[in-house]
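In: give me coordinates for this.
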Amino acid sequence: MHKPVDVFNFNIPIFSEIGKKSFLLACGSMNHHNCMTVGWAGLGYLWRKPMVFIYVRPQRYTYQFMEQYDYFSLNFFSDLFADILQLCGTKSGREINKMNIPGLTVKEIAGQTIYYNEAHTAIICKKVYYDDLKAEHFLEKSFLNLYPSNDFHRIYYGEVLKILQNNP
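Out: This is a model prediction of the structure:
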């Protein structure tokens, strides 16, 4: 069962969870949601608030959900869920129904967004700002090789409202 954790006492190896592993970005309601595997994100403190910075390309199906809904969640899993993360990172919600992924139980939090019961950590966020990456702003030009189609990520800034952890 997930229990709230004080945001300022939150402690997981974040560079390992984000940089070496992947996690699920989820957005929507119980009846209309999608998720995608993500490997790029940031956490920090901005505008006197704890924040998440998440990146989504415009051609991703989840992009539509991020545009439509005001809340989203980041869901971190144990290595036992590697196959599910692989599936959600290689198949689009346009191809498969990600609302009913075997092995994942969808939960809704206060009508804001969904998260997954099997996640060891779920970070619930409210969108507060967005911007698009721009080619002319890259000081390290080699990063532009990641965008051969000029399909630059949109960055969503989300205020961290709640962190839920599942303590076995």
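In: give the phi and psi angles for the closest residue to residue 35 other than its chain neighbours, as a check.
Out: Leaving aside its chain neighbours, residue 35 sits nearest to residue 26 (4.2 Å; criterion: Cβ to Cβ, 6 or more residues apart in numbering). Quick note: C-beta positions are derived from backbone N, CA and C, even for glycine. Note on residue 26: its backbone torsions stand at phi -130, psi 150 [degrees, to the nearest 10].
In: who touches the worst-scoring helix or strand of the chain on mean pLDDT?
Out: Within the chain, judged by mean pLDDT, DSSP states H and E, the helix or strand with the poorest mean is helix 14-15; its value is a mean of 78. Contacts made with helix 14-15 from outside it, assessed by Cβ atoms under 8 Å, 6 or more residues apart in numbering, are listed as residue 43.
In: distance from it to the middle of the chain?
Out: With Cα atoms, centre = their mean, to the nearest Å as the basis, the distance from the averaged C-alpha position of helix 14-15 to the chain average is 14 Å.
In: now the residue nearest to residue 35, which residues is it bridged with?
Out: When assigned by DSSP bridges, residue 26 has beta-bridge partners residue 35, residue 73.
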